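Chemist: Quick check, what structure comes out for this input:
(one chain, ligands or ions: 1)
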Amino acid sequence: MFNFPLWPERASGIAGNVDALFIFLLIVSGMMSLLIFACILFFAARYRNRPNVQAEQIEGSLPLELTWTIIPFCIFIVIFLWGAVVYFQERTPPRDTAEIYTVAKQWMWKFEHAEGQRELNELHVPVGRDVKMIMTSQDVIHSFFVPAFRIKQDVLPGRYTVAWFRATKPGTYHLFCAEYCGTQHSGMIGTVVVMEPAQYEAWMSGGSTGPLSVTGEKIFAELGCVTCHRSDTEGRGPNLQGVFGKPVQLQDGRTVTADENYLRECILDPGAKRVKGFQPIMPTFQGLVSEEQVNALVAYIKSLSAAKPADGANSSAESTPQSKQVQGSQVN
Ligand code: CUA
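Modeler: Have a look, this model is predicted:
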(Lines give C-alpha, C1' and ligand atoms only; values in the text may rest on other atoms or scores of the structure.)
Protein backbone atom coordinates (compact mmCIF):
# COMPACT_ATOMS: atom_id res chain seq x y z
CA MET A 1 0.00 0.00 0.00
CA PHE A 2 2.89 2.35 0.70
CA ASN A 3 3.89 2.38 -2.96
CA PHE A 4 0.40 2.54 -4.33
CA PRO A 5 1.05 4.49 -7.51
CA LEU A 6 -2.08 6.65 -7.35
CA TRP A 7 -0.86 8.23 -4.14
CA PRO A 8 1.70 11.00 -4.02
CA GLU A 9 4.74 10.15 -2.00
CA ARG A 10 4.45 10.45 1.78
CA ALA A 11 7.23 12.76 2.81
CA SER A 12 6.02 14.60 5.90
CA GLY A 13 5.14 13.70 9.46
CA ILE A 14 1.47 14.33 8.89
CA ALA A 15 1.09 12.59 5.53
CA GLY A 16 0.32 9.21 7.07
CA ASN A 17 -2.47 10.63 9.24
CA VAL A 18 -4.06 12.45 6.32
CA ASP A 19 -3.89 9.33 4.17
CA ALA A 20 -5.31 7.10 6.90
CA LEU A 21 -8.34 9.36 7.18
CA PHE A 22 -8.69 9.53 3.42
CA ILE A 23 -8.51 5.76 3.08
CA PHE A 24 -11.10 5.38 5.83
CA LEU A 25 -13.41 7.74 3.93
CA LEU A 26 -12.82 5.77 0.73
CA ILE A 27 -13.63 2.48 2.43
CA VAL A 28 -16.78 3.83 4.11
CA SER A 29 -17.99 5.42 0.86
CA GLY A 30 -17.13 2.31 -1.12
CA MET A 31 -18.95 0.02 1.28
CA MET A 32 -22.00 2.29 1.33
CA SER A 33 -22.08 2.36 -2.48
CA LEU A 34 -21.88 -1.43 -2.64
CA LEU A 35 -24.58 -1.79 -0.01
CA ILE A 36 -26.91 0.58 -1.82
CA PHE A 37 -26.37 -1.12 -5.17
CA ALA A 38 -26.87 -4.52 -3.62
CA CYS A 39 -30.12 -3.36 -2.03
CA ILE A 40 -31.35 -1.86 -5.31
CA LEU A 41 -30.75 -5.12 -7.16
CA PHE A 42 -32.17 -7.28 -4.39
CA PHE A 43 -35.33 -5.21 -3.96
CA ALA A 44 -35.84 -4.85 -7.69
CA ALA A 45 -35.82 -8.62 -8.02
CA ARG A 46 -37.65 -9.45 -4.81
CA TYR A 47 -40.48 -6.91 -5.18
CA ARG A 48 -40.84 -6.83 -8.93
CA ASN A 49 -44.26 -6.44 -10.41
CA ARG A 50 -45.93 -9.84 -10.68
CA PRO A 51 -49.41 -10.73 -11.95
CA ASN A 52 -51.98 -11.36 -9.25
CA VAL A 53 -49.84 -10.03 -6.42
CA GLN A 54 -51.17 -6.97 -4.61
CA ALA A 55 -48.55 -4.47 -3.31
CA GLU A 56 -48.51 -4.21 0.47
CA GLN A 57 -48.22 -0.77 2.06
CA ILE A 58 -45.70 -0.39 4.91
CA GLU A 59 -46.46 2.39 7.39
CA GLY A 60 -43.05 2.75 8.98
CA SER A 61 -40.88 0.87 11.40
CA LEU A 62 -39.32 2.45 14.46
CA PRO A 63 -36.46 -0.06 14.88
CA LEU A 64 -35.53 0.30 11.21
CA GLU A 65 -35.60 4.11 11.32
CA LEU A 66 -33.55 4.21 14.51
CA THR A 67 -30.98 1.90 12.94
CA TRP A 68 -30.48 3.96 9.81
CA THR A 69 -30.26 7.12 11.91
CA ILE A 70 -27.94 5.97 14.67
CA ILE A 71 -25.38 4.05 12.59
CA PRO A 72 -24.71 6.89 10.11
CA PHE A 73 -24.64 9.36 13.01
CA CYS A 74 -21.89 7.34 14.70
CA ILE A 75 -19.92 7.07 11.47
CA PHE A 76 -20.17 10.82 10.86
CA ILE A 77 -19.08 11.57 14.42
CA VAL A 78 -16.01 9.38 13.91
CA ILE A 79 -15.22 11.24 10.68
CA PHE A 80 -15.71 14.59 12.38
CA LEU A 81 -13.54 13.84 15.41
CA TRP A 82 -10.82 12.17 13.39
CA GLY A 83 -10.84 15.04 10.88
CA ALA A 84 -10.68 17.60 13.68
CA VAL A 85 -7.67 15.90 15.26
CA VAL A 86 -5.77 15.81 11.95
CA TYR A 87 -6.82 19.37 11.20
CA PHE A 88 -5.51 20.72 14.49
CA GLN A 89 -2.25 18.80 14.09
CA GLU A 90 -1.82 20.34 10.70
CA ARG A 91 -2.86 23.84 11.76
CA THR A 92 -0.79 24.15 14.94
CA PRO A 93 2.91 24.78 14.37
CA PRO A 94 5.09 23.33 17.13
CA ARG A 95 7.49 25.52 19.06
CA ASP A 96 10.99 26.09 17.81
CA THR A 97 10.48 25.80 14.10
CA ALA A 98 12.76 26.94 11.31
CA GLU A 99 10.97 29.94 9.84
CA ILE A 100 10.77 30.64 6.15
CA TYR A 101 9.21 33.86 4.93
CA THR A 102 7.36 33.37 1.70
CA VAL A 103 6.13 35.96 -0.75
CA ALA A 104 3.92 34.75 -3.57
CA LYS A 105 3.34 36.85 -6.65
CA GLN A 106 2.12 36.36 -10.19
CA TRP A 107 3.65 33.92 -10.98
CA MET A 108 6.42 32.82 -8.69
CA TRP A 109 7.35 31.82 -5.17
CA LYS A 110 9.95 33.81 -3.26
CA PHE A 111 11.40 32.23 -0.15
CA GLU A 112 13.68 33.74 2.43
CA HIS A 113 15.19 31.72 5.26
CA ALA A 114 15.66 33.31 8.66
CA GLU A 115 19.39 32.84 8.08
CA GLY A 116 19.17 35.04 5.01
CA GLN A 117 19.21 32.62 2.09
CA ARG A 118 16.85 33.63 -0.67
CA GLU A 119 15.34 31.29 -3.20
CA LEU A 120 13.02 31.49 -6.17
CA ASN A 121 10.59 28.64 -6.95
CA GLU A 122 12.86 26.30 -5.06
CA LEU A 123 12.81 25.59 -1.37
CA HIS A 124 15.52 23.73 0.48
CA VAL A 125 14.66 22.25 3.86
CA PRO A 126 16.39 19.75 6.12
CA VAL A 127 14.86 16.39 6.83
CA GLY A 128 13.41 15.89 10.31
CA ARG A 129 13.13 19.57 11.21
CA ASP A 130 9.86 21.41 11.85
CA VAL A 131 9.52 24.15 9.28
CA LYS A 132 7.05 27.01 9.52
CA MET A 133 6.12 28.92 6.40
CA ILE A 134 5.10 32.53 7.08
CA MET A 135 3.44 33.51 3.86
CA THR A 136 1.96 36.54 2.18
CA SER A 137 1.13 37.62 -1.34
CA GLN A 138 2.19 40.66 -3.26
CA ASP A 139 -0.89 40.70 -5.48
CA VAL A 140 -3.73 38.17 -5.55
CA ILE A 141 -4.68 35.02 -3.66
CA HIS A 142 -2.36 32.08 -4.24
CA SER A 143 -2.19 28.75 -2.47
CA PHE A 144 0.88 26.89 -1.24
CA PHE A 145 0.41 23.20 -2.00
CA VAL A 146 2.94 20.41 -1.53
CA PRO A 147 1.13 17.12 -2.19
CA ALA A 148 3.94 14.97 -0.77
CA PHE A 149 3.59 16.84 2.54
CA ARG A 150 -0.23 16.84 2.39
CA ILE A 151 -0.35 20.55 3.13
CA LYS A 152 -2.20 23.27 1.32
CA GLN A 153 -2.63 26.80 2.57
CA ASP A 154 -4.01 29.90 0.91
CA VAL A 155 -1.56 32.78 0.60
CA LEU A 156 -3.34 36.11 0.88
CA PRO A 157 -2.37 39.68 0.08
CA GLY A 158 -2.36 41.99 3.10
CA ARG A 159 -1.76 39.42 5.84
CA TYR A 160 0.28 36.44 6.86
CA THR A 161 -0.93 32.88 6.77
CA VAL A 162 1.05 30.03 8.24
CA ALA A 163 1.68 26.43 7.29
CA TRP A 164 4.09 23.97 8.84
CA PHE A 165 5.54 20.57 8.06
CA ARG A 166 8.29 18.18 9.04
CA ALA A 167 9.85 16.53 6.04
CA THR A 168 10.61 12.88 6.74
CA LYS A 169 12.27 11.74 3.54
CA PRO A 170 15.06 13.35 1.50
CA GLY A 171 14.07 13.98 -2.08
CA THR A 172 12.63 16.49 -4.50
CA TYR A 173 8.92 17.21 -4.37
CA HIS A 174 6.43 19.24 -6.36
CA LEU A 175 5.23 22.61 -5.17
CA PHE A 176 2.08 23.94 -6.75
CA CYS A 177 -0.03 27.05 -6.62
CA ALA A 178 -3.46 25.64 -5.92
CA GLU A 179 -5.57 28.77 -6.37
CA TYR A 180 -6.32 30.16 -9.81
CA CYS A 181 -4.35 33.40 -9.88
CA GLY A 182 -4.27 34.51 -13.50
CA THR A 183 -2.99 33.49 -16.90
CA GLN A 184 0.08 31.61 -15.81
CA HIS A 185 -1.34 30.07 -12.68
CA SER A 186 -0.48 26.62 -14.00
CA GLY A 187 3.13 27.70 -14.40
CA MET A 188 3.41 28.86 -10.80
CA ILE A 189 5.16 25.71 -9.73
CA GLY A 190 8.37 24.90 -7.95
CA THR A 191 10.25 22.23 -6.10
CA VAL A 192 10.87 21.48 -2.47
CA VAL A 193 14.25 19.87 -1.93
CA VAL A 194 14.51 17.90 1.30
CA MET A 195 18.13 17.36 2.29
CA GLU A 196 20.05 15.41 4.91
CA PRO A 197 21.05 17.75 7.75
CA ALA A 198 24.74 17.74 6.79
CA GLN A 199 23.95 18.48 3.15
CA TYR A 200 21.59 21.20 4.28
CA GLU A 201 24.25 22.79 6.47
CA ALA A 202 26.57 22.86 3.48
CA TRP A 203 23.88 24.39 1.33
CA MET A 204 23.09 26.95 4.03
CA SER A 205 26.69 28.06 4.30
CA GLY A 206 26.53 29.19 0.68
CA GLY A 207 26.05 32.83 -0.30
CA SER A 208 23.74 34.71 2.01
CA THR A 209 23.09 38.34 2.73
CA GLY A 210 23.17 37.62 6.46
CA PRO A 211 20.30 36.75 8.77
CA LEU A 212 16.93 38.19 7.89
CA SER A 213 16.72 39.90 11.27
CA VAL A 214 19.98 41.75 10.57
CA THR A 215 18.61 42.90 7.23
CA GLY A 216 15.55 44.03 9.14
CA GLU A 217 17.64 45.96 11.64
CA LYS A 218 19.29 47.81 8.77
CA ILE A 219 15.94 48.70 7.25
CA PHE A 220 14.72 49.72 10.70
CA ALA A 221 17.57 52.22 10.91
CA GLU A 222 17.31 53.38 7.29
CA LEU A 223 13.62 54.17 7.53
CA GLY A 224 14.21 56.06 10.76
CA CYS A 225 11.99 53.73 12.83
CA VAL A 226 14.71 53.76 15.43
CA THR A 227 14.23 57.44 16.23
CA CYS A 228 10.77 56.84 17.70
CA HIS A 229 10.97 53.18 18.70
CA ARG A 230 13.83 53.59 21.12
CA SER A 231 14.96 50.86 23.41
CA ASP A 232 14.00 52.88 26.50
CA THR A 233 10.75 54.47 27.64
CA GLU A 234 11.52 57.90 26.20
CA GLY A 235 10.59 57.15 22.59
CA ARG A 236 7.56 58.63 20.87
CA GLY A 237 6.64 55.11 19.81
CA PRO A 238 6.47 51.90 21.81
CA ASN A 239 9.69 50.26 22.85
CA LEU A 240 9.80 47.09 20.78
CA GLN A 241 12.14 45.06 22.98
CA GLY A 242 10.48 41.80 23.97
CA VAL A 243 7.15 42.78 22.46
CA PHE A 244 6.68 39.81 20.18
CA GLY A 245 4.18 37.26 21.36
CA LYS A 246 3.02 39.44 24.24
CA PRO A 247 -0.39 41.01 24.75
CA VAL A 248 -0.66 44.68 23.76
CA GLN A 249 -3.20 47.12 25.16
CA LEU A 250 -4.72 49.30 22.48
CA GLN A 251 -5.99 52.86 22.65
CA ASP A 252 -9.54 51.69 22.00
CA GLY A 253 -9.46 49.36 25.00
CA ARG A 254 -8.90 46.11 23.17
CA THR A 255 -5.98 43.80 23.87
CA VAL A 256 -4.29 41.99 21.02
CA THR A 257 -1.34 39.64 20.79
CA ALA A 258 1.75 41.03 19.10
CA ASP A 259 2.08 38.26 16.54
CA GLU A 260 3.43 38.49 13.00
CA ASN A 261 0.16 39.77 11.59
CA TYR A 262 -0.10 42.50 14.23
CA LEU A 263 3.45 43.73 13.60
CA ARG A 264 2.78 43.72 9.90
CA GLU A 265 -0.42 45.70 10.29
CA CYS A 266 1.32 48.25 12.49
CA ILE A 267 3.90 48.89 9.78
CA LEU A 268 1.40 49.20 6.96
CA ASP A 269 -1.59 50.69 8.78
CA PRO A 270 -0.34 52.14 12.08
CA GLY A 271 -3.65 53.78 12.95
CA ALA A 272 -5.66 50.58 12.90
CA LYS A 273 -4.51 49.16 16.24
CA ARG A 274 -2.72 51.98 18.00
CA VAL A 275 -0.99 51.14 21.25
CA LYS A 276 -2.49 52.73 24.34
CA GLY A 277 -0.73 55.86 25.49
CA PHE A 278 0.80 56.85 22.15
CA GLN A 279 -0.12 59.58 19.71
CA PRO A 280 -1.21 58.72 16.15
CA ILE A 281 1.95 60.14 14.65
CA MET A 282 3.38 57.14 12.91
CA PRO A 283 3.14 57.40 9.12
CA THR A 284 2.07 54.43 7.08
CA PHE A 285 4.74 52.54 5.23
CA GLN A 286 2.27 51.11 2.77
CA GLY A 287 3.87 51.33 -0.67
CA LEU A 288 7.21 52.38 0.79
CA VAL A 289 8.40 48.96 1.83
CA SER A 290 8.23 45.76 -0.17
CA GLU A 291 6.79 42.56 1.21
CA GLU A 292 10.34 41.29 1.65
CA GLN A 293 11.25 44.36 3.69
CA VAL A 294 8.17 43.95 5.87
CA ASN A 295 9.23 40.34 6.47
CA ALA A 296 12.71 41.49 7.43
CA LEU A 297 11.31 44.12 9.81
CA VAL A 298 9.02 41.54 11.41
CA ALA A 299 11.94 39.12 11.75
CA TYR A 300 13.99 41.88 13.39
CA ILE A 301 11.27 42.81 15.87
CA LYS A 302 10.85 39.13 16.69
CA SER A 303 14.58 38.84 17.30
CA LEU A 304 14.24 41.50 20.00
CA SER A 305 12.32 39.03 22.12
CA ALA A 306 14.86 37.04 24.08
CA ALA A 307 12.87 33.89 24.78
CA LYS A 308 11.36 33.42 21.38
CA PRO A 309 7.81 32.05 21.53
CA ALA A 310 6.87 29.69 18.72
CA ASP A 311 4.12 32.02 17.67
CA GLY A 312 1.59 34.41 19.11
CA ALA A 313 -0.45 31.61 20.60
CA ASN A 314 1.53 31.11 23.78
CA SER A 315 1.86 34.53 25.26
CA SER A 316 2.37 34.71 28.98
CA ALA A 317 -0.16 37.09 30.42
CA GLU A 318 2.03 39.65 32.09
CA SER A 319 0.58 42.70 33.74
CA THR A 320 0.57 45.46 31.20
CA PRO A 321 1.29 48.91 32.58
CA GLN A 322 -1.56 51.36 32.19
CA SER A 323 0.05 54.34 30.59
CA LYS A 324 2.98 52.97 28.70
CA GLN A 325 1.87 50.09 26.54
CA VAL A 326 3.89 47.05 25.81
CA GLN A 327 6.86 46.87 28.07
CA GLY A 328 7.92 43.28 27.89
CA SER A 329 10.96 41.60 29.25
CA GLN A 330 14.17 43.29 28.24
CA VAL A 331 16.71 41.52 26.13
CA ASN A 332 19.86 40.82 28.01
CU1 CUA B 1 -0.60 31.59 -7.87
CU2 CUA B 1 -2.21 30.18 -8.83
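Chemist: CA atoms for contacts and neighbours, from now on please.
Modeler: Will do.
Chemist: Tell me where the stretch 1-150 of the chain has strands.
Modeler: In the stretch 1-150 of the chain, the strands defined using DSSP state E, counting those that start in this stretch lie at 98-105, 108-113, 118-120, 122-126, 130-137, 142-146.
Chemist: what about the ones you listed, which gets the closest to Phe278?
Modeler: The closest approach between Phe278 and any of the strands of the stretch 1-150 of the chain, judged by CA to CA, belongs to strand 130-137 at 28.5 Å.
Chemist: average model confidence for that closest one?
Modeler: For strand 130-137, the mean per-residue pLDDT is 94.
Chemist: same deal with stretch 221-240?
Modeler: Averaged across stretch 221-240, the pLDDT comes to 80.
Chemist: how long is it from one end to the other?
Modeler: This stretch, stretch 221-240, spans 14 Å end to end (CA to CA, to the nearest Å).
Chemist: Now do the buried residues in stretch 250-267.
Modeler: 250-251, 256-267 (16 or more other CA atoms under 10 Å).
Chemist: ok, so of the residues you listed, who is nearest Arg50?
Modeler: For Arg50, the nearest member of these is Asn261. The distance, counting by CA to CA, is 71.3 Å.
Chemist: tell me the contacts of the closest one?
Modeler: Taking CA atoms under 8 Å, 6 or more residues apart in numbering as the criterion, Asn261 is in contact with Arg159, Tyr160.
Chemist: Need the phi and psi values for it.
Modeler: Recorded main-chain torsions at Asn261 are phi -70, psi -40, according to degrees, to the nearest 10.
Chemist: wait, which of the strands of the stretch 1-150 of the chain is closest to Arg274?
Modeler: strand 130-137 (22.6 Å).
Chemist: Helices of the stretch 1-150 of the chain, start to end?
Modeler: Ranges of helices within the stretch 1-150 of the chain are 15-46, 62-91, based on DSSP state H, counting those that start in this stretch.
Chemist: how big is the angle separating the shortest one from helix 15-46?
Modeler: In this case it means helix 62-91. Between the direction of helix 62-91 and that of helix 15-46, the angle (axes from the mean of the first three to the mean of the last three CA atoms, to 10 degrees) works out to 160 degrees.
Chemist: what's the pLDDT at Pro197?
Modeler: The predicted structure scores Pro197 at 90 on the pLDDT scale.
Chemist: Where does the prediction get shaky in the chain?
Modeler: Counting by pLDDT under 70, the low-confidence segments of the chain come to 1-5, 207-208, 306-332.
Chemist: Try it again at 50.
Modeler: Low-confidence segments of the chain, defined by pLDDT under 50, span residues 308-332.
Chemist: Up against the ligand, what does it have?
Modeler: Proximity of the chain to the ligand (CA under 6 Å from any ligand atom) is limited to residues Gln106, Trp107, His142, Cys177, Ala178, Glu179, Tyr180, Cys181, His185, Met188.
Chemist: For these, pick the one with the most neighbours.
Modeler: Highest neighbour count within the residues of the chain next to the ligand, by other CA atoms under 10 Å: His142, with 30 neighbours.
Chemist: For the residue in the chain sticking out farthest from the centre, give its distance to Gly210.
Modeler: Distance from the centre of the chain peaks at Asn52, with 67.2 Å (CA atoms, centre = their mean). Counting by CA to CA, the gap from Asn52 to Gly210 is 91 Å.
Chemist: rewinding a little: export the helices of the stretch 1-150 of the chain to CSV and tack on mean neighbour count?
Modeler: What follows is those, written out as CSV (neighbours: other CA atoms under 10 Å):
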stretch, mean neighbour count
helix 15-46, 13
helix 62-91, 12
